[in-house]
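Asker: Just need the structure, nothing else, for what follows:
(2 chains)
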Amino acid sequence: MTQRPATPLSPPVYHVLLALGGDVLHGYGIMQRFEELMSGADQLLPGTLYATLARMEEAGLIEAARAPRGEESGGPPRRHYRVTSRGKLVAQQETERMRRLLTVARKAWEPRLAR
Amino acid sequence: MNARLAGLLFGIAIRAFPAALRDRYGDDMRATFEEAHRHRPGARFVFRAVIDALRAGWAERWHRRYLTPQVRRPKVGTFWQDVRYGARSLFKNPGFTAVAVLTIALGIGANAAIFSVVHGVLLSPLPFREPERLVQLWESRLERGWDQASFSRANFWDIQDQNRSFEAIAAIEYGSINLTGTGYPERLRRGLISAEFFQVLGITPLKGRLFVKGEDAPGAARNGVLLAFGTWQSRFASDANILGRQITLDGQSYTVIGVLPRGEPWLNGSDVFLPMERRPDADRGSFELDVIGRLKPGVTIEAALADLQPVTRRLAELFPKDDGGMAIVIEPSSSWVAGTTTRRALWILMGAVGFLLLIACVNLANLFLARATGKTREHALRSALGASRGRLVRQVLTESLLVSSAGAAFGLLMAFGIIRVLKAWNPAGVPRISQVSIDGWVLGFTALATIVTALLAGFVPALHAGHRDLAGTLREGDRNVGGGRFMGRLRSVLVTTEVAASLALLIGAGLLLRSFQQVMAQERGFVSDGRILAEVATPRSYDQARSDQFRAALLERLSANPEVTSVAIVSRRPLTGVGTGLGYGAADKPTPDSKEVPWASWRIITRDYFRTLGVPLIAGRDFAESDMISKPWRVIVSKSLADQVWPGANAVGRQLILWKGQSNESAEVIGVAGDMRDWSLQDGPSVAVYLPYYGAGAGTIHVVLHTRGDVAATQQLLRSTLAELDPGLPLSRVESLDSLVGASVASRRFVMMLLASFASVALILALAGIYGVLSYAVSRRTSEIGVRLALGASPRGVLGLIVAQGMLPVGVGVVAGVAAAAGLTRLMASLLFGVSATDVATYVGVAALLGAAALVSCYIPAREALKVDVVAALRKE
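Answerer: Here you go, the predicted model:
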């Protein structure tokens, strides 16, 4: 059963969607990508990451995918993920929502900050 | 940080995640952590990752349990699914269901019935305003051995005037009075009350008014009468125009001024209530008033006692003869609810039915377990098809709730019946039993008992449903089910519980039964067979000569009847548990310096009283008509009194001081009579003084007859004889002495019978439980038995083995039951008589009885097992 994602999305969900983008990544890949995107200013830790992945998988925002060729490291095979079309839609909606929020926030705060 | 240590810590932390999540993502999580740790080897990262995993794990657990709709939504739907499924499977198995429902109905029915009695009698509030401020007052003279005595009139008035802690205090004196002029004459119970008696209780009259302050003042007009509810209803047919009606009491005319509401106590203590007169010359030496008081707000009993202390001290100084050593005892109104013994008895019964319900629960658990083991494959299949463990547990609990609810419904019907029987029985000494009914409280209690029963009975089978090696069960099929060591042990625990609980109940019942036998076997000193008593009240208009003449004529006419062997008159009937007393001492012996005066009960009797009751006259002579009371004082004393005062010597002809410390009358002892337990059967023989009736005034007399006729014939004889003498005299309470003996032990018999019946039901349930468990276990072991027999074991040996295994939990239960009984029966020590709470004979006897019954329950299924067809059993193997 798919589940309507709660909007606004929780930060880790949005972060995972951002980190995955159009790629296929495993857990550590997502962690790394997110840190890069944020230039080390924020971090996803494995506990939160997998709790989030589990929920997103249940909600149909991401799905398991075959590992891209040549990325197989040694060790046991790990699950890889990619964003579903539903996930893309939700990410766009959330981004739009945040954009509007930012516009409102700017109007509300920036004149006063400028003063 | 060391990678292995870090991995270990993280591995522990992710155990916070729900198992399902861990199964799916655990390895990935660990791999991700390890890889991340390779890039950030610091302890700081490990610490943050561990904390994060713990937090996220617990959040996930919580989220999945309470928030995730997938888990929550179906729960509501599955409840009805479970109910439907449970009901279907119960209907499919009517035998099982009937036994289960009946078992629970017995347990819950007994509980609902006894709880309704406990609630109605002990827990529901008194029908008075602010009962917590109401108290009863008693006098005491500890050096005379009176720890609780009624008040004398003068002391009552003085306490009423001089206390500062009561809003008001009031008194009642019980007596009887003849009602005439309305059909046949009738003897009524009359309460003589101080004017504000019912105001103290906070009663509003049903009709009319109460007496008001001043109506007890000296010289005030006193021709109003208050009717008790029962009198108004039965004697005056609930006459709506009763107020203002004139009625004749003891030949005097009274106006009905009010009708009291229904209720207990006090309100039903008399049939009519008249105002008492406060006389300046009130008596101080005769103690006949029951006194109640309403404390001022905020005043405690201790404060009231402290306040009364100077008052009693003053009275003791002013009137040393009557009030020397006087003190006050105050009891809260909660003591009116029921005496300590009744209270104790009811709680013991409540505990007993609790045990009964426990046994019923265990039996139900056993039944479910036997069925559940039969259903093991079904459950295994269901869980293989995806039913969660919780779902299976819930299914079992739902079935147990269905059974206990059906049992509760039947149980309530049963409780209705039990309550009707109890009310019809109307045991002496249980107040307010008429008000007992199945009300909201009882229904609530029953609902609670139903849920507890469902949980208790469903708990073990639910455990079983949720605890299983799935693959093993499916593989092994039906062969090994129910034979599991865990389940076997569980069933043994259930048997042990049953045996222990029923043994404790049986021992309690056995002790009460022994007490009852002891009471009935007491040497009474009198013969009750063929003896009949009747009460006749001679009105105050009779002077002393007329009273004497009447009594003589009555005795003469009655003894002339050929049916009557012997007849006499006495001032107070035996076995009432109350009586009159006096202090006594020998005139020819110096009084010991100690202030304690021995105390004897006294009765006024005519000639032949002892002969009529079959009591031997040991020395001296009986009274004769020439022995006029107090002219001079002549007495007959009981053997115990004679032995006490003049041990080893002949008492006849010696002088005895009567009312010692009060009026100090010297009396000649003319006879010594055998001892009687005429106070009550469970008290010692009365130390008694008998005075002659000749020369005594009017009053209530009790005729004692030794006759061949029965009660009805005697009543007829008495009525016709009285009609010839004075048609206005009422006759009442014609009873056989046998029935008086029965009534005096009625409450004891009541508790004993109830406990015995509960214990019997418990025993039957327990035996059924033992039988069921063992026959089930045996039926599951047929192949093992077959193998043993095939390998050359003797049938006798196999029988012994099975019986021994069945009896082991019984033996443990007996030990536990004896220990429980030894602890619990101590609580009922006050109900026992002539037998100790740890009476070895009772314990051994009851344990042996139960053991023998259990042995039979084990033997029958064991014998069945030997009929096993060895070849068939082996082929199955």
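Asker: element containing B:L210?
Answerer: Using DSSP states H and E, B:L210 falls within no helix or strand.
Asker: and if you look at A:A41?
Answerer: Per DSSP H and E, there is no helix or strand for A:A41.
Asker: pLDDT at it, what is it?
Answerer: Listed pLDDT for A:A41 reads 84.
Asker: since we're on it, how many residues are nearby?
Answerer: Residues lying near A:A41 (other C-beta atoms under 10 Å in any protein chain shown) number 7. All C-beta spots, glycine's among them, are computed from the backbone N, C-alpha and C.
Asker: gap between it and chain B?
Answerer: 15 Å (C-beta to the nearest C-beta, to the nearest Å).
Asker: Distance check, that residue against B:E215.
Answerer: Distance, A:A41 to B:E215, by C-beta to C-beta, to the nearest Å: 96 Å.
Asker: Then A:D23?
Answerer: From A:D23 to B:E215 the distance is 105 Å (C-beta to C-beta).
Asker: more crowded one of the two?
Answerer: For A:D23 versus B:E215, neighbours defined as other C-beta under 10 Å are more numerous around B:E215 (19 against 15).
Asker: check contacts around that one.
Answerer: Counting by C-beta atoms under 8 Å, 6 or more residues apart in numbering or on different chains, B:E215 touches B:A195, B:R222, B:G224, B:P275.
Asker: partner residues bridging the last one?
Answerer: Beta-bridge partners recorded for B:P275 (DSSP bridges): B:I193.
Asker: for it, what are its contacts?
Answerer: Counting by C-beta under 8 Å, 6+ apart, B:P275 touches B:L192, B:I193, B:S194, B:A195, B:F211, B:E215, B:D216, B:A220, B:R222, B:G224.
Asker: now with 7 Å?
Answerer: B:I193, B:A195, B:F211, B:E215, B:D216, B:R222 (C-beta atoms under 7 Å, 6 or more residues apart in numbering or on different chains).
Asker: Spit out the contact partners of the fifth one.
Answerer: Read that as B:D216. B:S194, B:A195, B:P275, B:M276, B:E277, B:R278.
Asker: picking up where we left off before, most neighbours out of the contacts of B:E215, which is it?
Answerer: B:P275 (23 neighbours).
Asker: which non-adjacent residue is nearest the closest residue to chain A within chain B?
Answerer: Nearest residue of chain B to chain A (C-beta to the nearest C-beta) works out as B:A53 at 3.0 Å. Closest residue to B:A53 apart from its sequence neighbours, by C-beta to C-beta, 6 or more residues apart in numbering or on different chains: A:G47 at 3.0 Å.
Asker: quick check, the one you found in a helix?
Answerer: Yes - according to DSSP: H, G, I helix; E, B strand; the rest coil, the state of A:G47 is that of a helix.
Asker: Wait, B:V396 touches B:A462, no?
Answerer: Yes - using C-beta atoms under 7 Å, B:V396 is in contact with B:A462, at 4.4 Å.
Asker: So those two - more neighbours on which side?
Answerer: Per other C-beta under 10 Å, whichever of B:V396 and B:A462 has more neighbours is B:V396, with 27 against 24.
Asker: State the distance from that one to B:R371.
Answerer: B:V396 is 10 Å from B:R371, by C-beta to C-beta.
Asker: next one: B:A316
Answerer: In terms of C-beta to C-beta, B:A316 sits 76 Å off from B:R371.
Asker: In stretch B:121-129, which residues are buried?
Answerer: B:V121, B:L122, B:L126, B:P127, B:F128 (16 or more other C-beta atoms under 10 Å in any protein chain shown).
Asker: how about those residues in CSV, adding distance to A:L9?
Answerer: Shown next, in CSV, are these (distance: C-beta to C-beta, whole Å):
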residue, distance to A:L9
B:V121, 66
B:L122, 63
B:L126, 66
B:P127, 67
B:F128, 68
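Asker: Spit out the contact partners of the closest residue to chain B within chain A.
Answerer: Residue nearest to chain B within chain A (C-beta to the nearest C-beta): A:G47, separated by 3.0 Å. Contact partners of A:G47, counting by C-beta under 7 Å, 6+ apart, are B:I14, B:A49, B:D52, B:A53, B:R55, B:A56, B:G57.
Asker: out of the residues you listed, which are inside strands?
Answerer: Among the contacts of A:G47, no residue falls in strands (DSSP state E).
Asker: mind putting the residues you listed in JSON lines, distance to B:L364 included?
Answerer: Below are the contacts of A:G47 laid out as JSON lines (distance: C-beta to C-beta, whole Å):
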{"residue": "B:I14", "distance to B:L364": "42"}
{"residue": "B:A49", "distance to B:L364": "51"}
{"residue": "B:D52", "distance to B:L364": "49"}
{"residue": "B:A53", "distance to B:L364": "45"}
{"residue": "B:R55", "distance to B:L364": "44"}
{"residue": "B:A56", "distance to B:L364": "44"}
{"residue": "B:G57", "distance to B:L364": "40"}
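Asker: Take these and keep only those in helices.
Answerer: Among those, the members found in helices (DSSP state H) are B:A49, B:D52, B:A53, B:R55, B:A56, B:G57.
Asker: Drop anything exposed from the residues you listed.
Answerer: Buried among the ones in helices among the contacts of A:G47 (16+ other C-beta under 10 Å): B:A49, B:D52, B:A53, B:R55, B:A56, B:G57.
Asker: isn't there a helix covering B:R572?
Answerer: No - B:R572 is assigned coil when assessed by three-state DSSP, not a helix.
Asker: surely it meets B:W602?
Answerer: No - with contact defined as C-beta under 7 Å, B:R572 does not reach B:W602; the gap is 9.0 Å.
Asker: Between those two, tell me which one has more neighbours.
Answerer: When B:R572 and B:W602 are compared for neighbours, B:W602 comes out ahead with 21 against 17, by other C-beta under 10 Å.
Asker: Tell me the spacing between the more buried one and B:A501.
Answerer: For B:W602, the distance to B:A501 - C-beta to C-beta - is 50 Å.
Asker: ok, and for stretch B:217-227, which residues are buried?
Answerer: Quick answer for stretch B:217-227 (16+ other C-beta under 10 Å): B:R222, B:G224, B:V225, B:L226, B:L227.
Asker: contacting residues around that stretch?
Answerer: Contacts for stretch B:217-227 (C-beta under 7 Å, 6+ apart): B:210-211, B:214-215, B:247, B:249, B:253-260, B:272-275, B:277-280.
Asker: What is the nearest of the buried residues of stretch B:217-227 to B:R40?
Answerer: B:R40 lies nearest to B:L226 out of the buried residues of stretch B:217-227, by C-beta to C-beta, at 95.7 Å.
Asker: Please settle this for me: is the closest one part of a helix?
Answerer: No - counting by three-state DSSP, B:L226 is not found in a helix; it is strand.
Asker: That one pairs with what?
Answerer: B:G258, B:F273.
Asker: would you list every one of the strands in chain A?
Answerer: So, for chain A - with DSSP E - the strands run A:25-26, A:62-65, A:80-83.
Asker: B:L349: which of those is closest?
Answerer: The nearest among the strands of chain A, by C-beta to C-beta, is strand A:62-65 at 67.3 Å.
Asker: Parallel or antiparallel, which strands does the closest one pair with?
Answerer: strand A:80-83 (antiparallel).
Asker: Enumerate the residues of chain A near chain B.
Answerer: Chain A comes close to chain B at residues A:1, A:27-28, A:31, A:45-48, A:50-51, A:54, A:75-76, A:78-79, as judged by C-beta under 7 Å from any C-beta of the partner chain.
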